[in-house]
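*Asks:* just a sequence and a predicted model for now, questions to come.
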Amino acid sequence: MNDNRNMILAIVLSLAVLLGWRYFVAKPELDAQQAAQQAQQDQSVADGTKPRPNVDSAQSPAQANVAGDKRQVVSRDAALQQSARVAIDSPSLSGSINLVGGKFDDLRLKKYRETLDEDSPTVVLLSPKNSPNPYYADYGWVANTGADIKLPKADTLWSLKGNATLSPNKPVTLTWDNGEGLVFERNLTVDENYMFHVDQKVTNNSGKEITLYPYGMIVRTGEPKTSGYFVLHEGLIGFVGEEGLQEIKYNDLVEDGPVRPKKASSGWVGITDKYWATALIPTQGKEYQPSFSYQQASNNFQSDFLGEAVKVADGSSGENKSMLFAGAKVSSLLTAYQNADNIQSFELMIDWGWFYFITKFMFWLLDLLYGVVGNFGISILLVTVIVKALFFPLANKSYVSMSKMKLVQPKMQDIREKYKDDRAKQQQAMMELYKTEKINPMAGCLPMLIQIPVFFSLYKVLFVTIEMRQAPFFGWIQDLSMPDPTNLFTLFGLIPWDPPSIMVLGIWPLIMGITMFLQMKMNPAPAEPAQQMIFTWMPVLFTFMLASFPAGLVIYWAWNNSLSILQQGIIMKRQGVKFELFDNVKATFKRKPKEKAEK
């Protein structure tokens, strides 16, 4: 048994990992994705959250910018009709800016639809305050506590100056005169993708010097439906100077209270979903106070920043420049913004995970190959071949060692018989045999161990990158990031019923299970019944576990198994070892004669 112990241990550990992954990650993912398709319940709560001040003397923005009334929930379309608006029209975005409060509260992503159906509506990102699911961004100014300065509020009606529609190369200017010598302006621009530039300006003719603090805020009312598992962060996020990446879950803010990192002069703050995000980018190089909070009274989650003081003398003007990202988390686009605008670690808006370099490299390679072949499924197959080639020397050594193990099986059996009553001498004799024949008993575990980090990094890429969303393969696989939609228990759609989640088994998981079964049958069955049972049932267990995994990952595993069978078969032939695959498969299904009872 000693020669197979390490292999069995590796199999059991891998099985335990995948079992845990199945029940704590994959199944919650599937359930959450199904639940996310249902509409969230309407909420009727008070509004009125604003960013925290960064100095003790600053007036609370919560007092300076509150409309003061409870919102009356209506449909999203009805909420959009309640106020005057400035249209937004770009190659990537459609929507409008609310002239009441000057908020960004109506955005749709033109390039993305909710489902694979061509008639499916485009994805909604931002929605107004009185809609069922408010989510918006706002900018403004606050003053020192006690300062008698009339500032724009949440219900302030701004005037439009210039273009009537905000689009690339066509900026929009919003103005408001407080009637006391201060004129506020917001100059807004948008590029062809998802970045807005927000330039705030205040002109002072009040007869005295004033001190104001610029702020930006993103507010989301109510906790949205999230996937609810640890491999992906959804919630409040930011990268704040020396304190680095901030990933704050909704329930953590509810339970533990606000998070207020140290002041920084670089970075960004925002809110992220799986594929979409909004982020405030303060002027890089100028100090600001970031904050993440939850207000129970209004049920609002908020990411915000408060900038350093801007002193404006009478007869002059002061300004603050910042940016707003609102759109899809496209990797190449985030990297381009990071480099062009010097935004610190903006690419980390995508949750690459702890093994950043492996996952990012895996995505880079997949995306590179996609640019050549035009299909992410084919890219996965090619990446598998490349990984096999990179680890060929190690895998080759492993399979050679396994082949040698098979050649010395008679000698190993002799040692077991000779020292069957002395385990210590049996083990010592085995080690001498391994040394003499130059065999590494652990080598058989290496092919399995090699593919585990590749497996997890590929899973991460398939799961978190928007490039994989609704990416088709061939045939019935129209979304590599989702499980195989076919099901054996409905005869692949012929039986009209909805089986429980445990009874989901698609065609590709079946192919994966068969290839895994064949790979394990490359070697003779273990002598002990317990080992035989593990080797026999493990492909069945893996088949059902992987049924709820992304189809791209199952395709990778099936293709990897097929290449391993081919590779091991060639090496066994070169080593002069009998190719026993078909004999072993036949023996598995051959009915064994019953042993006669002893008299």
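*Replies:* Yep, that arrived. Please read all numbers here as calculations on a predicted model, not as lab measurements. Residues are numbered from 1 along each chain as shown.
*Asks:* tell me the helix or strand right after the helix or strand where residue 184 lies.
*Replies:* Assignment of secondary structure by DSSP states H and E places residue 184 within strand 182-190. Sequence order places strand 195-204 as the next helix or strand after strand 182-190, per DSSP H and E.
*Asks:* list the neighbouring strands of that following strand plus their orientation.
*Replies:* strand 182-190 (antiparallel), strand 317-328 (antiparallel) (DSSP bridges).
*Asks:* helix or strand next in line after that strand, which one?
*Replies:* strand 210-221.
*Asks:* buried residues in that following strand, which are they?
*Replies:* Under the neighbour-count criterion of 16 or more other C-beta atoms under 10 Å, strand 210-221 has 210, 212-221 buried. (C-beta placed from N, C-alpha, C; glycine too.)
*Asks:* turn these into TSV, including distance to residue 280 and pLDDT.
*Replies:* Below are those laid out as TSV (distance: C-beta to C-beta, whole Å; pLDDT from 0 to 100):
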residue	distance to residue 280	pLDDT
210	24	94
212	18	95
213	15	96
214	11	96
215	9	96
216	4	96
217	7	96
218	6	96
219	11	96
220	13	96
221	18	94
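*Asks:* just give me the longest helix of this structure.
*Replies:* Taking DSSP state H as the criterion, the chain has its longest helix at helix 551-574.
*Asks:* mind giving me the packing neighbours of the one helix or strand residue 137 maps to?
*Replies:* Using DSSP H and E, residue 137 sits within strand 135-143. Packing partners of strand 135-143 (3 or more C-beta pairs under 8 Å, 6 or more residues apart in numbering; DSSP states H and E): helix 61-64, strand 104-113, strand 122-126, strand 195-204, strand 210-221, strand 276-281, strand 317-328.
*Asks:* closest to residue 489 out of those?
*Replies:* strand 104-113 (29.7 Å; C-beta to C-beta).
*Asks:* mean confidence for the closest one?
*Replies:* The average pLDDT for strand 104-113 rounds to 95.
*Asks:* hmm, who's touching it?
*Replies:* By C-beta atoms under 8 Å, 6 or more residues apart in numbering, the surrounding residues in contact with strand 104-113 are 80, 85, 88, 91-98, 120-129, 134-138, 196, 275-276, 324, 326-328, 466, 469.
*Asks:* buried residues in that strand?
*Replies:* Here strand 104-113 shows 104-109, 112 as buried, counting by 16+ other C-beta under 10 Å.
*Asks:* out of the strands paired with strand 195-204, which is the most enclosed?
*Replies:* Comparing the strands paired with strand 195-204 by mean neighbour count (mean count of other C-beta atoms under 10 Å), strand 317-328 comes out on top with a mean of 21.
*Asks:* just the buried positions in the helix or strand just after that one, please.
*Replies:* Counting by DSSP H and E, the element after strand 317-328 in chain order, helix or strand, is helix 331-340. Judged by neighbour count (16+ other C-beta under 10 Å), helix 331-340 contains these buried residues: 331, 333-334, 337-338.
*Asks:* so, low pLDDT: which residues of the stretch 201-350 of the chain?
*Replies:* Low-confidence segments of the stretch 201-350 of the chain (pLDDT under 70): 227-229.
*Asks:* before we move on, what about the stretch 1-150 of the chain?
*Replies:* Counting by pLDDT under 70, the ranges of the stretch 1-150 of the chain that qualify are 1-71.
*Asks:* do a quick rundown of the helices in it.
*Replies:* 2-21, 27-36, 61-64, 76-80 (DSSP state H, counting those that start in this stretch).
*Asks:* average pLDDT for the strand holding residue 184, rounded please.
*Replies:* Here the average pLDDT along strand 182-190 is 96.
*Asks:* quick one, that strand and strand 135-143 angle?
*Replies:* 150 degrees (axes from the mean of the first three to the mean of the last three C-alpha atoms, to 10 degrees).
*Asks:* by how many degrees do strand 182-190 and strand 104-113 diverge?
*Replies:* Going by the same axes, to 10 degrees, strand 182-190 makes 0 degrees with strand 104-113.
*Asks:* contact partners of strand 182-190?
*Replies:* Residues contacting strand 182-190 (C-beta under 8 Å, 6+ apart): 88, 90, 93, 97, 102, 139, 141, 149-152, 158, 161, 166-168, 171-178, 196-206, 210.
*Asks:* what of stretch 194-203?
*Replies:* Residues contacting stretch 194-203 (C-beta under 8 Å, 6+ apart): 92-93, 104, 139-141, 182-190, 210, 212, 214, 216, 310, 312, 316-328, 333, 337, 341.
*Asks:* one more time with 6 Å
*Replies:* 92, 139, 183-187, 189-190, 214, 312, 317-327 (C-beta atoms under 6 Å, 6 or more residues apart in numbering).
*Asks:* ok, stretch 326-338 next?
*Replies:* Contacts for stretch 326-338 (C-beta under 6 Å, 6+ apart): 107, 109, 193-194, 276-278, 343, 346-347, 349-350, 466.
*Asks:* chain center to it, what's the gap?
*Replies:* In terms of C-alpha atoms, centre = their mean, to the nearest Å, the centre of stretch 326-338 is found 14 Å from the chain centre.
*Asks:* can you map out the strands along the stretch 301-450 of the chain?
*Replies:* Taking DSSP state E, counting those that start in this stretch as the test, the strands found in the stretch 301-450 of the chain are 310-312, 317-328.
*Asks:* could you dump those to JSON lines with distance to residue 74?
*Replies:* Converted to JSON lines, the strands of the stretch 301-450 of the chain look like this (distance: least, C-beta to C-beta, whole Å):
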{"stretch": "strand 310-312", "distance to residue 74": "38"}
{"stretch": "strand 317-328", "distance to residue 74": "23"}
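*Asks:* and residue 265, which of those is closest to it?
*Replies:* Closest of the strands of the stretch 301-450 of the chain to residue 265 is strand 317-328, at 13.1 Å (criterion: C-beta to C-beta).
*Asks:* next, the angle helix 331-340 makes with the closest one.
*Replies:* 160 degrees.
*Asks:* how far is strand 317-328 from where the chain is centred?
*Replies:* That offset, for strand 317-328, works out to 26 Å (C-alpha atoms, centre = their mean).
*Asks:* quick check: buried residues in stretch 192-210?
*Replies:* So for stretch 192-210, counting by 16+ other C-beta under 10 Å, buried means 193-204, 206, 210.
*Asks:* show me the chain divided up by domain.
*Replies:* 51-350, 360-589 (automatic domain parsing).
*Asks:* picking up where we left off before, just the buried residues of the contacts of strand 104-113.
*Replies:* Buried, going by 16+ other C-beta under 10 Å: 80, 85, 88, 92-93, 95-98, 123-129, 134-138, 196, 275-276, 324, 326-328, 466, 469, out of these.
*Asks:* hang on, the earlier thing: just the buried residues of helix 331-340 now: which is nearest residue 256?
*Replies:* Using C-beta to C-beta, the buried residues of helix 331-340 come closest to residue 256 at residue 334, 28.7 Å.
*Asks:* distance check, the nearest residue in space to the closest one that is not next to it in sequence against residue 336.
*Replies:* Leaving out its chain neighbours, the residue that sits closest to residue 334 by C-beta to C-beta, 6 or more residues apart in numbering is residue 347, at 4.8 Å. Distance of residue 347 to residue 336, given as C-beta to C-beta, to the nearest Å: 10 Å.
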